[in-house]
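[1] Provided below are the primary sequence and the corresponding predicted coordinates.
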Amino acid sequence: MNFKEKLIKLIINNYELDEGLISDLIEIPPQEEMGDYALPCFKLARNFRKAPGKIALELKEAIGKNKYFSEITNNGPYLNFFVNKELFARTILETILSQKEKYGAQEIGSGKNIVIDFSSPNIAKPFHVGHLRSTVIGNSLYKIYEFLGYNCIGINHLGDWGTQFGKMIAAYKKWGNDQEIKDNPIQTLLKLYVKFHDEAEKKPGLEDEGRLWFKKLEDGDEEANKLWKWFVTLSLEEFNTIYDILNVSFDYNTGESFYNDKMADIVQSLKEKGLLQKSKGAYVVDLEDYDMPPCLIIKSDGATLYPTRDITAAIYRKETYNFSKALYVTDYSQKLHFSQWMKVIELMGYDWADQLEHVPFGRVSSEEGALKTRKGNVILLKDLLAKSVEKVKRIINQNNPELNDKDEIAEKVGIGAIIFNDLSNSKIKDVVFNWDRMLSFDGETGPYIQYTHARANSVLEKGQTEITTLTDYSDLSNPEAFNLIKLLSAFPETIIKAMERNEPSYIARHIINLAQSFNKFYHEYPILVEDETTKKARLLLVFATKTVIKNGLSLLGIEAPDKM
């Protein structure tokens, strides 16, 4: 039973009003004493041709007494609704008890395919904290869409092609040492890459060497191809170690190189449609009419670019997966790039161009400034994760040295702390990287929520009582219990909001509020009391809270330990 839906029906059953309009107007009052739902009547004045205050009074009288709402009041132009607390508690708690880990799941995406392009690190470069955001945001969106019934296709569009590989090969040819690369592949390749750029500032001709090697690679040169494949293999081994730690997986690891043999047809199609124009030896699509610079498709030396590959990839994915939506999770600095090539897709006549969506997020910087691989000032993600886990181990050894499976729990909490720190704020905000703040275990953090889950689990274990439905829910009508139940009831709608706005932070903030509300209830009302009826009611609420916290953490890609 959805009380908001019941309220909508009570209103439209008495008046011929649009269901969507009423749904949009209903809001949650900012203060408890103003009710559980409110209907501002300002926008109904046109329908009724009356003052909003009079409309509120008439609606109140028309709806009258009913089993869903114990009280309806009007305050000027506002109509306030107070739910029947016992019926509300019964409805929400029995639903959670029945659905358990499926509570909040829906089938609104049934039969629809969603392609999610995320993580996408560059080959031969370290996996640093700047890659964390795309990885964990994309992974969470995958889980959210899947929970709502969509068929998700997760793609790791590896940066395994482009001029940088010509530069890497040129650097290797000048300064590379095979044994050093075998012993410490990514760091050694990074040093070569950084050295190339340092030297190129003094000797600009090096840039030409890099471009020449990439052209050789595109033309199928045997030596260039062999070195490129070696760099790719070494990088994937490193990346997969990080993905295993984060518990992130992909349906396809198809990098930019996957589309090499498919681009010629797309370029030909652009020519046939009259979209390609020659400009200073290069080929571009003119986007002046759309207030954008030209979209560069082929460079003057014949090499392809990111837009060429992204256009080709989008067309391939539509033909292969027939997606209803394709998400691209990258930082906001790429906004123009995505706007350009998506506009080219539209100009090519594809009516599904509006199904392509860039999901931008804020960038990560250190307190010293932006993280730039070519300058070498990056914080390796594996170092960050290891440090977080080590810190949790020290905390466990100080506070609970007898805990079993300390290493496993420390890993779940340490990794969870990093992920939650990233997902708990709006994705579009820039993140200034700070070790102490990121690894803090006080306040609104992942470990706080995980500890709340473990506390709830401990109470249930000590209760040694079968969790069942109740005959009487009046024990859960106190303000602390009722506020907790209201948060539990809002979880399914929160997931939908997170999906509609591609914003995992909605879920993160919701379970923070849920954990805080639970801890307030826990401190106000002893759970394991002598009275069996009261104990069963409170244990049912504990079970429901534990279930929803675990579901919420799971949608963020975070595990919920039973003990801490």
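    Happy to help now that I have it. Numbering: from 1, shown residues only.
[2] Contacts only, for residue 347.
    The neighbours of residue 347, taking C-beta atoms under 8 Å, 6 or more residues apart in numbering as the test, are 273, 275, 285. The way it works is simple: take the backbone N, C-alpha and C, and place the C-beta from them, glycine included.
[3] Same check on residue 123?
    158-160, 165, 231-232, 235-236, 255.
[4] how much space between it and residue 235?
    4 Å (C-beta to C-beta, to the nearest Å).
[5] now do residue 397
    36 Å.
[6] who has more neighbours, the two?
    The neighbour comparison of residue 397 against residue 235 (other C-beta atoms under 10 Å) goes to residue 235, with 23 against 12.
[7] Which element, helix or strand, includes that one?
    Per DSSP states H and E: residue 235 is located in helix 222-246.
[8] Contact partners for residue 199?
    residue 206.
[9] Okay, and it sits in which element?
    Going by DSSP H and E, residue 199 is in helix 185-202.
[10] in that helix, what counts as buried?
    By neighbour count on 16 or more other C-beta atoms under 10 Å, the buried set for helix 185-202 is 185-186, 188-194, 196-197, 200.
[11] Any of the contacts of residue 347 buried? List them.
    Among the contacts of residue 347, the ones that count as buried by 16+ other C-beta under 10 Å are 275, 285.
[12] Give me the contacts around the host helix or strand of residue 87.
    Using DSSP H and E, residue 87 sits within helix 85-99. Residues from elsewhere that reach helix 85-99, judged by C-beta under 8 Å, 6+ apart: 1, 3, 67-68, 70, 103, 105, 467-470, 472-474, 476-477, 481-482, 485-486, 488-489, 540-541, 543-544, 547-548.
[13] Now, those that are in helices?
    Mapping these onto helices (DSSP state H) picks out 3, 481-482, 485-486, 488-489, 540-541, 543-544, 547-548.
[14] how about those residues, which pair is most distant?
    3 and 543 (21.3 Å; C-beta to C-beta).
[15] how about residue 260, phi and psi?
    phi -60, psi -40 (degrees, to the nearest 10).
[16] And the strands in this protein?
    Listed in chain order, the strands of the chain (DSSP state E) span 37-40, 69-75, 78-83, 113-117, 151-155, 276-279, 282-285, 295-298, 325-331, 356-361, 364-366, 369-370, 431-433.
[17] For burial, what's the neighbour tally of residue 204?
    Neighbour tally, residue 204, other C-beta under 10 Å: 9.
[18] Look up how far residue 386 lies from it.
    Residue 204 is 40 Å from residue 386, by C-beta to C-beta.
[19] Just the pLDDT at residue 440, thanks.
    On pLDDT, residue 440 comes in at 69.
[20] nearest to residue 425, of the ones in helices among the contacts of helix 85-99?
    residue 548 (21.1 Å).
[21] can I see the domain layout of the chain?
    If you go by automatic domain parsing, the domain ranges for the chain are 3-83, 118-375, 417-555.
[22] I'd like to know which of the ones you listed is closest to residue 561.
    Closest among the domains of the chain, once you apply C-beta to C-beta, is domain 417-555, at 5.7 Å.
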